[in-house]
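1. Dropping a prediction and its sequence here:
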Amino acid sequence: MADDEPHYVPIGSYRSASSDERPRRVVGWELFFVLVLLMVAGATNFVLVKVLYSAYGERHAFFVSQGINIIYIIYGGLLVYPRLLPWGVGDAVSRAINMDPITPAMRSSTQSRFVAMGVLDCFGTFFTALGAVYTPGQYQSLLNQSLIPCTLIVSAAFLGTRYSRVQILAAALILAGAVLSLAPQLTGAQAAEGADEMRLYAVIVYWFSNVPMALSAVYKELRFTSETMDVCYLTQWVSIYQMLFGFVLMPLLLFPGLGSADGQSTEEIIQNFLGGFRCFAETEDSGCQGHFTFLLMWLYVGINFCFNTLGLWLTKHAGAVLNSISYALLLPLTTVSFSFGFLGPFRETAHLSTFAGLAVVLIGFALWRYFEIVEEETAVPTCLGAESRDIAGAPKQALSARPPAATVPDSFQERVICMACPHRTRSTSKG
């Protein structure tokens with residue numbers, strides 16, 4: 001859920017869970033085509049989210065966050081509601097699009113869990129939106145990786161998970177790399193303006209969005225480890241509650257640093273939200289006419305949808321390891337993409353500190369993924385669609401062999417570029 005980042009609208013389960021057939025493995029031109037498409041869609045996705053918030057401006061950031069939620073509900077509804085049709089029609093629709101049916105047990109699941117996830121995701125995307133405008137995009141992709149150490153800490157605190165020294169070192173390197181990339185601007189050694197302008201309060205708010213997102217990820221693991229749940233159905237409800245709770249957070253815009261340096265008055269909050277709608281509609285008095293703000297919002301959600309779908313497809317048909325490699329390549333590609341000339345007024349200046357921080361983050365990621373791959377080889381695949389499995393976790397016969405971490409499916413608008421299962425940690429449980 002918007003970055004960003006969502007509002008999570010993941011893709012539903014593949015029908016391998018009800019079949020003995022293994023996913024079709026692909027090679028050659030088909031695999032190469034998907035890899036290239038994933039690179040392009042991924043870099044475009046993370047560039048677009050920055051461009052989107054910058055195009056609307058800080059005053060309208062809250063509107064953008066809520067607007068993305070609503071569009072995700074629309075997209076999610078297209079994948080959910082036809083599958084809920086009675087008299088077997090819904091099940092036939094699910095089979096036609098290669099997804100498992102949404103069972104009566106799933107439909108009767110307790111709504112309070114969806115509400116809790118919606119609230120946590122809402123806090124995450126709320127902070128992301130308020131910090132996105134004045135946090136340069138090249139730093140966003142690195143700061144997003146801080147979700148890994150945040151999830152590590154939350155998992156240890158609430159799930160009693162223990163981590164190896166390699167995992168702790170990897171998480172520390174990821175966090176250190178993010179800080180290193182920001183060092184020149186944080187110390188005032190590097191002035192910036194225009195697309196490169198950075199405000200400290202915005203960076204802090206943006207980084208803090210990792211905390212509720214980590215809490216949300218762990219909550220999902222805790223509540224859905226041993227229960228089969230269709231990811232589209234779950235996400236549709238979470239997105240609805242997230243959108244509704246978003247309006248409850250509007251009063252937080254009164255405080256300095258949240259939405260503006262000095263805070264906003266109640267009247268300004270209302271007027272800025274209405275102004276965001278006018279900007280979305282590109283009315284003459286909005287100042288957004290001809291800036292493609294309407295198209296940008298729909299395009300971002302559509303690209304994000306395609307990006308995550310491609311990631312799930314690649315994991316299923318080519319394996320989680322290859323998917324992880326592709327995401328590792330995507331991180332530096334995304335970071336440098338913000339300096340491409342075709343971005344025009346949204347182009348940023350690439351800095352040496354950014355590449356130094358990127359190198360440290362990639363080393364941390366490599367260590368983290370090495371530990372994950374070693375564990376996966378001795379356990380069971382845990383990414384959605386990687387092997388035959390139901391949505392909410394590893395196959396039931398394997399649940400006792402794995403800790404609760406790493407069993408929740410992928411979801412749309414993931415922050416962490418360089419992980420096959422972005423929010424999930426591969427951990428060693430107590431004892």
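-> The structure has been received and is ready for your questions. Remember, predicted model here, so these are calculated numbers, not experimental data.
2. Output the lowest mean pLDDT helix or strand found in the chain.
-> Lowest on mean pLDDT, DSSP states H and E among the helices and strands of the chain sits helix 320-337, with a mean of 72.
3. shaky segments in this protein?
-> Within the chain, the stretches with pLDDT under 70 are 1-28, 184-196, 225-226, 312, 315-325, 327-328, 372-373, 375-431.
4. could you redo the last one with a cut-off of 50?
-> The model of the chain has pLDDT under 50 over residues 1-21, 189, 380-431.
5. distance from the centroid: which residue in it tops it?
-> The outermost residue of the chain, judged against the average C-alpha position, is Trp87 (35.5 Å), by CA atoms, centre = their mean.
6. helix, strand or coil for that one?
-> Assigned with DSSP: H, G, I helix; E, B strand; the rest coil, Trp87 falls in the coil class.
7. give me every residue that touches Gly263.
-> 253-257 (CB atoms under 8 Å, 6 or more residues apart in numbering). Heads up, the C-betas are built off the backbone N, CA and C, glycines and all.
8. Ranking by neighbours, what's the top pick from those?
-> Counting by other CB atoms under 10 Å, Leu253 has the largest number of neighbours within the contacts of Gly263, with 22 neighbours.
9. and the residue nearest to that one when sequence neighbours are not counted, how many neighbours does it have?
-> Nearest residue to Leu253, sequence neighbours excluded (CB to CB, 6 or more residues apart in numbering): Gly259, at 4.1 Å. When counting by other CB under 10 Å, one arrives at 28 neighbours for Gly259.
10. Report the separation between Gly259 and Leu78.
-> For Gly259, the distance to Leu78 equals 32 Å [CB to CB, to the nearest Å].
11. Same check on Asn308?
-> Look at Asn308 and Leu78: by CB to CB, they are 15 Å apart.
12. how about stretch 281-297: buried residues?
-> 282, 286, 288, 293, 296-297 (16 or more other CB atoms under 10 Å).
13. what's the closest of those to Lys50?
-> Lys50 lies nearest to Leu296 out of the buried residues of stretch 281-297, by CB to CB, at 11.0 Å.
14. so that closest one touches Tyr53, yeah?
-> No: applying CB atoms under 8 Å, one finds Leu296 not in contact with Tyr53, separated by 9.7 Å.
15. tell me the contacts of Leu120?
-> Per CB under 8 Å, 6+ apart, neighbours of Leu120: 212-213, 215-216, 219.
16. which of those tops the neighbour count?
-> Among those, the one with the most neighbours (other CB under 10 Å) is Met213, at 34 neighbours.
17. so it, which of the three states?
-> Assignment for Met213 (three-state DSSP): helix.
18. returning to that earlier point: got JSON lines for the buried residues of stretch 281-297, with distance to Phe158 and secondary structure too?
-> Output for those, formatted as JSON lines (distance: CB to CB, whole Å; DSSP: H, G, I helix; E, B strand; the rest coil):
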{"residue": "Glu282", "distance to Phe158": "45", "secondary structure": "coil"}
{"residue": "Ser286", "distance to Phe158": "44", "secondary structure": "helix"}
{"residue": "Cys288", "distance to Phe158": "43", "secondary structure": "coil"}
{"residue": "Thr293", "distance to Phe158": "40", "secondary structure": "helix"}
{"residue": "Leu296", "distance to Phe158": "37", "secondary structure": "helix"}
{"residue": "Met297", "distance to Phe158": "35", "secondary structure": "helix"}
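19. Looking at the residues you listed, spot the one nearest Leu244.
-> Closest approach to Leu244 among these (CB to CB): Met297, at 19.3 Å.
20. Quick check: that closest one vs Glu282, distance?
-> 11 Å.
21. Give me the neighbour count for Leu331.
-> Other residues close to Leu331 by other CB under 10 Å number 23.
22. I'd say it and Ile363 touch.
-> No: with contact defined as CB under 8 Å, Leu331 does not reach Ile363; the gap is 11.8 Å.
23. Counting neighbours, which bits of the top helix by length along the chain end up buried?
-> Across the chain, the helix with the greatest residue count (assigned by DSSP state H) is helix 28-56. For helix 28-56, a neighbour-count test (16+ other CB under 10 Å) marks 34-35, 38-56 as buried.
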